[in-house]
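Asks: What follows is a predicted protein model with its sequence.
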Amino acid sequence: MGNKKAGSSEERLSVFLSLVLRHQPEAAGITLDEHGWADVEALIQGISGTGRPMDMELLEDIVRTDAKGRYSFNEDRTLIRANQGHSIPVDVELTETAPPQVLYHGTASRFEQAILEQGLKPMSRLYVHLSGDAKTALTVGRRHGKPVVFEVDSGRMSRDGEHFYISQNGVWLTKRVKPEYLKRNI
């Protein structure tokens with residue numbers, strides 16, 4: 001992640017921030033509004049209250065240096081949220097967007113057969129995450145094991161009435177990808 005050394009306290013804080021803003025706000029004793037926003041002061045206080053020292057400067061550094069662009073502040077930096085990847089029901093106010101003809105999904109090869117049979121499902125998340133290029137999808141796949149990349153016929157899906165959204169950090173999102181829209185790329 002960015003310039004952070006693996007295992008550094010800042011990296012551990014970033015991982016905890018991801019947990020709080022995407023999955024378990026109660027881990028820091030906070031709540032998210034219906035759009036996934038958390039009050040920055042409450043978040044800093046909540047994280048600090050878990051024995052993890054946090055201040056605004058450190059929070060801004062984590063947001064600025066996150067290699068995946070996971071987080072966003074509102075204009076006056078009083079609110080913060082994760083851009084996508086939530087397992088809790090929030091509406092991050094995505095705008096439906098026409099996708100490119102082809103998108104990509106990277107995963108571990110051990111999931112290949114199930115994906116070919118059942119398609120891509122959001123699993124514990126609200127959306128299936130797709131990449132705009134095969135290289136990014138390959139990087140994602142490597143995080144899960146021996147990688148495999150699928151091409152998604154997103155143009156045809158869109159013409160067939162499926163909805164696509166793009167998050168603030170460029171990740172494409174859709175509710176599901178049926179097997180007929182998938183082709184193994186790598």
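Replies: Received, thanks.

Asks: pLDDT on the top helix by length along the chain, on average?
Replies: Taking DSSP state H as the criterion, the chain has its longest helix at helix 9-22. For helix 9-22, mean pLDDT rounds to 92.

Asks: Show me how far that helix is from its chain's centre.
Replies: Offset of helix 9-22 from its chain centre (Cα atoms, centre = their mean, to the nearest Å): 13 Å.

Asks: Can you give me the domain assignment for this protein?
Replies: The chain resolves into domains spanning 7-80, 93-182 when parsed by the TED database.

Asks: could those go into TSV alongside distance to Ser87?
Replies: The C-beta positions use only the backbone N, C-alpha and C, and glycine is treated the same way. Converted to TSV, these look like this (distance: least, Cβ to Cβ, whole Å):
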stretch	distance to Ser87
domain 7-80	5
domain 93-182	5
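
Asks: sorry, back to before: which residues outside the very next helix or strand once past the longest helix of the chain are in contact with it?
Replies: Note on helix 9-22: by DSSP states H and E, the next helix or strand toward the C-terminus is strand 38-39. The contact list for strand 38-39, computed with Cβ atoms under 8 Å, 6 or more residues apart in numbering, reads Val20, Leu21, Pro25, Ile30, Thr31, Leu32, Thr78, Leu79, Ile80, Arg81.

Asks: residues contacting the residue most central in space within the chain?
Replies: Centroid-nearest residue in the chain, with Cα atoms, centre = their mean: Gly85, separated by 3.4 Å. Gly85 makes contacts with Ser18, Arg22, Arg70, Arg125, His129, as judged by Cβ under 8 Å, 6+ apart.
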